[in-house]
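Asks: below are the sequence and a predicted model for it; my questions follow.
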Amino acid sequence: MNNPFLIGQNIYLRGLNVEDAQGDYPSWLNDAEVCQYSEHHVFPYTKAQAIQYIEQLPSQKDRIMLAIVDKQSNTHIGNITLLAISSLHRSAELSILIGNKAFHGKGLSKEATLLMLEHGFNTMNLHRICCGTMSSNTAMQNLALSVGMVQEGIFRDEVYKDGAYHDTIRFSILKEEFNTKKQQLEKHA
């Protein structure tokens, strides 16, 4: 393992580094399939832009972006972020991307999300973490529900992508809800 920050059963989370920009990371953001549910449009994303973005991450006090790394192969497979962190309201928003398609459908998003929620609630002492996704992204909706989030609402026609407007669905979880869900998951592990 290379500088793990949070360690799970199959993955670990670590800080992004400039070497990640030399790997597959920039190509994920140029892949229409990987980004099909992203609210960001697919556009040419270069290694130079990735390096610049990674280098400025430490100065951003309202976000924590971590690489998701497969423990067995030590492969950087995606990123997970707590953003819009508010110390005043003790809240944040969660974002996740599994960019390496060979690792889709293996439950690693759930493992990474549980690690990040644990860190957000029980290390950073956040009270509320939310996420949002396009209404067509059933995988993210299922992920949110599987970690104990509840649907808060639908934002109609919030995203314009691929020539059409799309609704987004918002989910959230509170610290006490997460800790209850965590106990339930540990009993079934």
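Replies: Perfect, I can see it now.
Asks: show me what the helix or strand bottoming out on mean pLDDT in the chain is packed against.
Replies: When each helix and strand of the chain is scored by mean pLDDT, DSSP states H and E, helix 25-28 comes last, with a mean of 84. Applying 3 or more C-beta pairs under 8 Å, 6 or more residues apart in numbering; DSSP states H and E, we find helix 25-28 packed against helix 47-56, strand 75-86. (Glycine included, C-beta is placed from N, CA and C.)
Asks: do that again at 7 Å, thanks
Replies: helix 47-56 (3 or more C-beta pairs under 7 Å, 6 or more residues apart in numbering; DSSP states H and E).
Asks: all helices for the protein, in order.
Replies: Ranges of helices in the chain, per DSSP state H, are 18-22, 25-28, 47-56, 108-122, 138-146, 175-187.
Asks: so how far is the fifth one off the chain centroid?
Replies: So the one you mean is helix 138-146. Distance, stretch centre to chain centre, for helix 138-146: 12 Å (C-alpha atoms, centre = their mean, to the nearest Å).
Asks: kindly provide the distance from the spatially most distant residue from the centre of the chain to Gly78.
Replies: In the chain, Gly163 marks the outermost C-alpha relative to the chain mean, sitting 25.7 Å out by C-alpha atoms, centre = their mean. Gly163 sits at a distance of 27 Å from Gly78 (criterion: C-beta to C-beta, to the nearest Å).
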